[in-house]
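S.K.: Predicted structure and sequence below. I'll ask about it afterward.
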Amino acid sequence: MNPGGGAAGKVVRFEEPVGNPEIGPESGRHGAAIVTHIGKHLGHVAAMMVETEAEYVQVNILHVEPTEQRPFHVFVTSGMSDRPMHTPPEAKEYSLAELYICLPRDWPLSPEDLADERNNWPLVLLKTLARMPHAYQTWLFDFHSVPNDDPPAPFSEDTELCGAMLVPPEGWSEAFAKLELNREETIYFLGVVPLHKDEMDYKIQHGPDLLEAEFDLRGGIPDVVNPKRPSVVPKDKRPVS
């Protein structure tokens with residue numbers, strides 16, 4: 001999937017919110033279908049983190065626990081697709097999306113752990129990105145990247161990761177890529193990959209294909225979040241910012 005040609009190099013930035021912050025009657029309209037889809041392609045939904053106070057859309061997070069075949073947690077949003085994103089005309093069919101992020105088996109996930117920014121930032125990132133198209137009347141799709149503020153700031157004190165790129169599901173999750181609701185509506189599921197600033201800059205300067213090639217030289221785009229992951233951009237290729 002690569003709608004809109006050069007849109008794959010798009011960088012989505014925060015401006016002033018312009019969307020309607022009120023939660024409408026469409027809230028939760030695809031929830032049951034999303035849970036069924038996850039159960040079919042990823043596994044049993046062990047828990048749902050229900051959002052009690054929300055603006056624009058109610059973003060719940062569904063948790064699929066690790067298995068022997070997939071030894072990491074998967075967290076999937078449910079609610080981003082309640083409203084269509086503001087896509088360009090040529091990408092109208094890609095207006096519905098949900099996001100997922102993967103965390104290591106040993107990631108601290110107790111309620112007490114998740115009160116700590118060092119542990120909760122991937123889930124906060126999921127919610128922030130899921131709400132962003134509706135708050136800022138934009139859209140998110142394959143290889144779009146989003147900095148964490150401007151200038152980009154690390155997600156927490158124990159990582160240098162400070163932005164995110166969206167990627168299509170591949171490998172273990174490829175069958176999970178889309179949920180066809182009817183002839184007119186399909187929900188696309190996009191993985192969230194946290195990035196270093198120089199990786200975002202490199203993608204902007206050279207395009208997503210060359211950044212992906214740098215990842216491929218080091219084992220591929222990572223499925224699982226590693227806060228200590230080094231940048232894949234060699235020092236001699238890092239853009240001057």
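M.R.: Looks like it arrived, so ask away. Residues are numbered from 1 along each chain as shown.

S.K.: export the longest helix seen in the chain as CSV, just CAs?
M.R.: Assignment by DSSP state H gives helix 117-135 as the longest helix of the chain. Taking Å, rounded to 0.1, in the frame of the first residue of the first chain, the C-alpha atoms of helix 117-135 are listed here in CSV:
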residue,chain,number,x,y,z
GLU,A,117,6.4,7.7,31.8
ARG,A,118,9.3,5.3,31.1
ASN,A,119,6.8,2.5,30.8
ASN,A,120,3.6,4.1,29.5
TRP,A,121,5.0,6.2,26.6
PRO,A,122,4.3,3.6,23.8
LEU,A,123,0.6,3.5,24.8
VAL,A,124,0.4,7.3,25.1
LEU,A,125,2.0,7.4,21.6
LEU,A,126,-0.7,5.1,20.2
LYS,A,127,-3.5,7.3,21.6
THR,A,128,-1.8,10.5,20.5
LEU,A,129,-1.4,9.3,16.9
ALA,A,130,-4.9,7.7,16.7
ARG,A,131,-6.4,11.1,17.7
MET,A,132,-4.2,13.2,15.6
PRO,A,133,-5.9,13.0,12.2
HIS,A,134,-9.2,14.0,13.8
ALA,A,135,-7.9,16.8,15.9
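
S.K.: Going by contacts, tell me the helices and strands next to it.
M.R.: Identification of packing neighbours for helix 117-135 by 3 or more Cβ pairs under 8 Å, 6 or more residues apart in numbering; DSSP states H and E yields strand 60-64, strand 72-78, strand 96-104, strand 163-167, strand 186-195. No exception for glycine: its C-beta is placed from N, CA and C like everyone else's.

S.K.: Tabulate the ones you listed (CSV), appending mean neighbour count and mean pLDDT.
M.R.: Below are the helices and strands packed on helix 117-135 laid out as CSV (neighbours: other Cβ atoms under 10 Å; pLDDT from 0 to 100):
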stretch, mean neighbour count, mean pLDDT
strand 60-64, 21, 98
strand 72-78, 23, 98
strand 96-104, 21, 98
strand 163-167, 23, 97
strand 186-195, 22, 98
